[in-house]
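In: got a structure for you, letters missing:
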Ligand code: DAT
Ligand code: MG
C-alpha cells in the first residue's frame, strides 16, 4: 500500500474569499488524508503560467491565469493511499454542474471557472506541482497518532 503518496492541492481565490479554507481542508482531513505542507500565497503570473503550462492553448487560459493570481490561495501537500485519486474523488469533476453530490465542487460550486480547488491529476503531475510550490524544507514527514485507526498495515 502506497500510504505515503503525496499530491498537491490549492484552495483557489474563490475558496479563500468565501471563507471556505477550513471547510475544504477539513473534508480532506476527515477523509483520512494527512497534510505535510501548507501555506497561503498570492501566485505570481510566472508561477501561474508554469503551473497551468499544459493549458496554454485553451481559450479559457488567460482568464484562468487572471483568476488564480487575483487574490491569495492556500496551497497544500497531502499524503495518503493513492493520494491524487483520493483527493480528485473528494473534490469532484472539474465542472461543478457535473460533480457528484457530496464532493467539494458540487457542494460549494456552480461555475467551472470558480470551482474552488485545484488538485494534481496524476502521480507525475503531483511530483511536478509539489516541486513547483514547495521546497523540501517546507514539507514535514510526521506520524499521526491516529494512523493505525485510519490506515491498515
Ligand atoms: P481540473 O482543475 O479539474 O484538473 P483542468 O486541469 O482541465 O481541470 O483545468 C484547470 C482549470 O481550468 C479548471 O479547474 C477550471 C478551468 N477550466 C477547465 N475547463 C474549462 C472550461 N471549459 N471553461 C472554463 N474554464 C475551464
Ligand atoms: Mg488539472
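Out: Right, received. Where do you want to start? Just so it is clear, the structure is predicted and the values come from calculations on it, not from any experiment. Residues are numbered from 1 along each chain as shown. Ligands and ions are numbered 1, 2, ... in the order given.
In: Helix, strand, or coil at residue 81?
Out: coil (DSSP: H, G, I helix; E, B strand; the rest coil).
In: Could you confirm residue 10 falls within a helix?
Out: No: per three-state DSSP, residue 10 lies outside any helix segment and is strand.
In: per-residue confidence at the closest residue to it other than its chain neighbours?
Out: Nearest non-adjacent residue to residue 10, counting by Cβ to Cβ, 6 or more residues apart in numbering: residue 118, 4.0 Å away. Every residue, glycine included, has its C-beta placed from N, CA and C. pLDDT for residue 118: 99.
In: which residues sit in contact with residue 118?
Out: 8-10, 12 (Cβ atoms under 8 Å, 6 or more residues apart in numbering).
In: Adjacent strands (with direction) for the strand or helix carrying it?
Out: Assigned by DSSP states H and E, residue 118 belongs to strand 117-119. Partner strands for strand 117-119, per DSSP bridges, with pairing direction: strand 6-11 (antiparallel).
In: Assign residue 78 to helix, strand or coil.
Out: Looking at residue 78 with three-state DSSP, the answer is strand.
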